[in-house]
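Enquirer: next input, structure requested:
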Amino acid sequence: MEAVIFVGVQGSGKTTFYRDRFLHTHVRLSLDLLRTRHRQRLLLEACLTTQQRFVIDNTSVLRSERAGYIAASKAAKFQVVGYYFEAELEAALKRNSQRTGKQLIPAKGVVATFRRLEPPRLEEGFDRLYRVRIGSTNDWIVMREEFSTQESER
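Expert: This is a model prediction of the structure:
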């Protein structure tokens, strides 16, 4: 079974990537959708218990945020795959500004998330790690990565 963890700031393309790549194969666990960590934890436990593939579609910008998902998934014998959504701050802010309603995040929130971002590393427990970018024609550029400590330091 497979646990997928997305890492990236708001407006970097995570949810669109989920719809394009995982909608028909993986359950989406998102705080935007579920509203509380308690609900997300319950759905995560259900996925782990039933061996259901899932995607954590949150910003997950801190190693400490990813650690709980990785540990729980490994304990349930899941392969853990990370997708790191690289985005320039200006591009993420522009995409975010095109959102409406509750999906629109205040710009200062996106900036704060960007500043806190700790790029993921294989050493965290990922079995595979990919770097994702949005191409010039809005296509997905996905590259398998083996991050070294130096590459992931800001």
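Enquirer: all contacts plus neighbour counts: C-alpha atoms, from now on.
Expert: Noted.
Enquirer: which residue ranges form the strands in the protein?
Expert: Remark: strands assigned in the chain by DSSP state E are 2-7, 27-29, 54-56, 79-85, 128-134, 140-144.
Enquirer: partner strands of the second one and their direction?
Expert: Strand 27-29 sits in its sheet next to strand 54-56 (parallel), going by DSSP bridges.
Enquirer: who touches the partner strand?
Expert: Strand 54-56 is contacted from outside by 2-6, 18, 22, 26-30, 47, using Cα atoms under 8 Å, 6 or more residues apart in numbering.
Enquirer: tell me the one of those residues nearest residue 80?
Expert: Within these, distances to residue 80 taken as Cα to Cα reach their minimum at residue 3, with 4.9 Å.
Enquirer: picking up where we left off before, dump the contacts of strand 54-56 into a markdown table; add pLDDT as well.
Expert: As requested, these are arranged in a markdown table below (pLDDT from 0 to 100):
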| residue | pLDDT |
| --- | --- |
| 2 | 98 |
| 3 | 98 |
| 4 | 98 |
| 5 | 98 |
| 6 | 98 |
| 18 | 98 |
| 22 | 98 |
| 26 | 98 |
| 27 | 98 |
| 28 | 98 |
| 29 | 98 |
| 30 | 96 |
| 47 | 98 |
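Enquirer: report the buried members of the residues you listed.
Expert: 2-6, 18, 22, 26-30, 47 (16 or more other Cα atoms under 10 Å).
Enquirer: between those, which sits nearest residue 139?
Expert: Residue 139 has its nearest neighbour among the buried ones among the contacts of strand 54-56 in residue 18, at 13.5 Å by Cα to Cα.
Enquirer: before we move on, back to that, nearest to residue 95 among the buried ones among the contacts of strand 54-56?
Expert: Relative to residue 95, the closest of these is residue 18; by Cα to Cα it sits at 16.4 Å.
Enquirer: from residue 137, how far out is the closest one?
Expert: Relative to residue 137, residue 18 is positioned 18 Å away (Cα to Cα, to the nearest Å).
Enquirer: what is the neighbour count of residue 36?
Expert: 11 (other Cα atoms under 10 Å).
Enquirer: which secondary element of this protein has the worst mean pLDDT?
Expert: Ranked by mean pLDDT, DSSP states H and E, the helix or strand of the chain with the weakest confidence is helix 149-152, at a mean of 44.
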